[in-house]
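*Asks:* Requesting a structural model of the entry that follows:
(2 chains, ligands or ions: 3)
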Amino acid sequence: MTDETSPLEFENNRGVDTSHIKGWGIDADPENDPTYPIKNRTNEEHKGYSWERPPQQPQEVEILKSVERPNITAVFGTSTPPAGLSGMIRRQAYKYSESSLGRWVPLILADRIGVVEGVIDDIGKGIFPNIFKETGWTGEWKYDRQRAMNRIAIAAAITACVVTIIVTRRGVKFNLSFLVPILRKLI
Amino acid sequence: MLAMNFRGPYRVRIDNEKSIPAILHPNDAIVRVLRSCICGSDLHLYHGLVPDTRVGMTFGHEFVGEIVELGSLVNNLKVGDRVIVPFNVSCGKCAFCKQGLYGNCHESNPSATAVGGFLGYSHTAGGYDGGQAEYARVPYADVGPVLIPEWMDLDDAVLLTDIVPTGYQAAEMGGIQKGDTVVVFGAGPVGIMAAKCAWLFGAGRVIVIDHLHYRLDFVRQYAQCEAYDFKELGDPVVFIKKTTDSLGADVCIDAVGCEAAGNNMNTLLGRRLLLQGGSTTALHWAINSVKKGGIVSIVGVYGPIDALVPIGNVVNKGITIRANQASVKRLLPKLIEHVKSGVLNPKEVITHRIPLKEVAAAYHIFSRKLDNCIKPVLIPDNA
Ligand SMILES: NC(=O)c1ccc[n+]([C@@H]2O[C@H](COP(=O)([O-])OP(=O)(O)OC[C@H]3O[C@@H](n4cnc5c(N)ncnc54)[C@H](O)[C@@H]3O)[C@@H](O)[C@H]2O)c1
Ligand SMILES: [Zn+2]
Ligand SMILES: [Zn+2]
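*Replies:* Residues are numbered from 1 along each chain as shown, chains lettered A, B, ... in the order given. Ligands and ions are numbered 1, 2, ... in the order given. The predicted structure is shown next:
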């Protein structure tokens, strides 16, 4: 389909009846045109970084600071300080400015490595991550049963494959025909 | 305490790994969470699109709670007070807070100067654990939080922490003049609120674009506006040109952000490969369908790296782009009035009330837009 139009299609449909809309126009501000500043202009920033700073939160965990500022902020979050391999990558990433890909791409990599570290960590604590539950499986089961069944079928197929391969290694004939009905169901 | 625990993209759980947060700064407060929402912004974290989102973090930037502990410098609140906690952390003292730019505070996020401090929103937004938990730490509690009026429903209050001010500010930044035609891209909670608020500034016509029919049906009725499925429109830009006598809309609002659908190349580059700061489809449409000299107001969230937009048309058409994280504290007094007078009725957008302990299912339902979900609220057992 192309986007061709005909002259008759153009209409000046400006304005509808707004009389039934509660509060119509109550906040209208004729000065709020493109050039009108959204902020309440005080020129405070002309004075530089000069305000009376709030007290400093004591730094008890490692905080990765942007190179674009001289200090850590007066308050900050203390969640999940950098650790492990992902932490090493994050420390390196924060050596680059917010303007650099060197900052953001390694952070995404660190986030992904963090997922693996999270699983290892869990297992170390004796928790075997319940992936079905963590991915919100119960919501899926309740509201999108078809997709949930497909996912069970895929998981079953993968398990069956693994089992077949193991059995084959032990000398039983390799046969994937059992996958056909499952694939049919999915398609 | 029970708290949401991020385990990686599409994986969250509820557990008891964290203890009740402590006062870390004299301006802190600790609140017992009464209501906490999941936001479209949380989906960007959940889908793994925001750099420096660490495993183990607790999300949640939209919550209301009861004060259980106060730092020594918080004099305007007392234990037992119930407060609306703005999603942005703001000091009230820096040059930006003084100008009313509470979403852009310079004393709340050590890790990125471009980004303000947001509760429960990755280390790129300050590394704060958030309110999808039984308790949460609220920094600068003497600045941001506002008492929940006696008459206000908690469900209305929790929506004032983000989506109502964000939708309102989207319309405000549009500089809407009486009679203007306003196009809102996105019929999520933010777009719905933006459409509703556009009338308050005197819009003459409000058009919402999305592709989820249940949301289009909802916004049509809730915001008394027109609503169209972009999949049925052909090119939405041409549709808007046709209906504005070829001139274009006066104001376009991007309430979609980095996970926009509708263009395969953008989806691939921005959502799958992460080679640009998100899929820019809605913003692209907004720029190309606004009139010459018109305004594009962006509240949809994008990543920190470059993203493809038709910047040449911004120049050729003399478009003004206005964008920000909502300045929740600045807008709260006015919005509380609007809820009181009945001009705004936020809680109608809540479709799901889910126990906090079912947080994983809640994320999944909202992310996959199952069961006609518009806005899910998490309720801790002890609320
Ligand atoms: N600036 C702020 O202060 C602020 C605050 C809150 C939320 N946000 C951002 O606003 C955006 C929307 O939030 P939400 O909670 O409404 O999210 P949501 O995910 O519920 O809604 C987004 C909607 O956009 C629709 N959509 C997808 N592609 C589209 C396209 N090309 N054109 C039109 N619609 C399209 C989706 O179908 C969905 O209904 C998010 O990016 C969120 O991060 C910004
Ligand atoms: Zn939000
Ligand atoms: Zn500040």
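
*Asks:* Around residue A:128, how many other residues sit close by?
*Replies:* As a burial measure, residue A:128 scores 9 neighbours (other C-beta atoms under 10 Å in any protein chain shown). Using the backbone N, CA and C atoms, a C-beta is placed for each residue, glycine as well.

*Asks:* so what's it up against?
*Replies:* The contact partners of residue A:128, by C-beta atoms under 8 Å, 6 or more residues apart in numbering or on different chains, come to residue A:122.

*Asks:* what's the nearest residue to residue A:55 if we skip its chain neighbours?
*Replies:* Leaving aside its chain neighbours, residue A:55 sits nearest to residue B:26 (5.7 Å; criterion: C-beta to C-beta, 6 or more residues apart in numbering or on different chains).

*Asks:* what's the answer for residue B:213, then?
*Replies:* Spatial nearest neighbour of residue B:213, excluding adjacent residues (C-beta to C-beta, 6+ apart): residue B:229 at 6.6 Å.

*Asks:* any idea how far residue B:264 is from the one you found?
*Replies:* As judged by C-beta to C-beta, to the nearest Å, residue B:229 and residue B:264 stand 18 Å apart.

*Asks:* With residue B:302 instead?
*Replies:* With distances taken as C-beta to C-beta, residue B:302 is found 19 Å from residue B:264.

*Asks:* quick one: which of those two has more around it?
*Replies:* Taking neighbours as other C-beta under 10 Å, residue B:302 and residue B:264 compare with residue B:302 leading, 24 against 10.

*Asks:* Find me the pLDDT at residue B:196, would you?
*Replies:* Note for residue B:196: predicted pLDDT of 98.

*Asks:* now do residue A:173
*Replies:* pLDDT recorded at residue A:173 is 53.

*Asks:* ok, for residue B:277, nearest residue in space, not its chain neighbours?
*Replies:* Spatial nearest neighbour of residue B:277, chain neighbours left out: residue B:303 (3.4 Å); criterion: C-beta to C-beta, 6+ apart.

*Asks:* Then residue B:246?
*Replies:* Nearest to residue B:246 is residue A:10, by C-beta to C-beta, 6+ apart, at 5.0 Å.

*Asks:* how many neighbours does the one you found have?
*Replies:* Residue A:10 has 15 neighbouring residues, counting by other C-beta under 10 Å.

*Asks:* From what I see, it and residue B:241 are in contact.
*Replies:* Yes - here residue A:10 reaches residue B:241: they are 7.5 Å apart, a contact under C-beta atoms under 8 Å.

*Asks:* Look up how far ligand 2 lies from residue A:70.
*Replies:* Note on residue A:70: its distance to ligand 2, by C-beta to the ion, to the nearest Å, is 30 Å.

*Asks:* actually residue B:214, not the one I typed
*Replies:* 21 Å.

*Asks:* Kindly report the same for residue A:106.
*Replies:* 27 Å.

*Asks:* what do you get for residue B:120?
*Replies:* Between residue B:120 and ligand 2 the computed distance is 10 Å (C-beta to the ion).

*Asks:* Give me the secondary structure label for that residue.
*Replies:* At residue B:120, secondary structure determined by DSSP: H, G, I helix; E, B strand; the rest coil is coil.

*Asks:* That one contacts residue B:60, doesn't it?
*Replies:* Yes - Residue B:120 lies in contact with residue B:60 (C-beta under 8 Å); the separation is 4.1 Å.

*Asks:* And those two? Which one has more around it.
*Replies:* Applying other C-beta under 10 Å to residue B:120 and residue B:60 shows that residue B:120 carries more neighbours, namely 31 against 28.

*Asks:* Show me how chain B divides into domains.
*Replies:* Chain B breaks down by automatic domain parsing into domains covering B:3-162+B:327-379, B:163-323.

*Asks:* What's the end-to-end length of the first one?
*Replies:* Yep, that's domain B:3-162+B:327-379 we're talking about. 12 Å (C-alpha to C-alpha, to the nearest Å).

*Asks:* Ok, the shortest one next?
*Replies:* The separation between the terminal residues of domain B:163-323, taken as C-alpha to C-alpha, is 15 Å.

*Asks:* how far out from the middle of the chain is it?
*Replies:* 15 Å (C-alpha atoms, centre = their mean, to the nearest Å).

*Asks:* and if you look at the first one?
*Replies:* What separates the centre of domain B:3-162+B:327-379 from the centre of its chain is 11 Å, taken as C-alpha atoms, centre = their mean.

*Asks:* Perfect, I'm done here.
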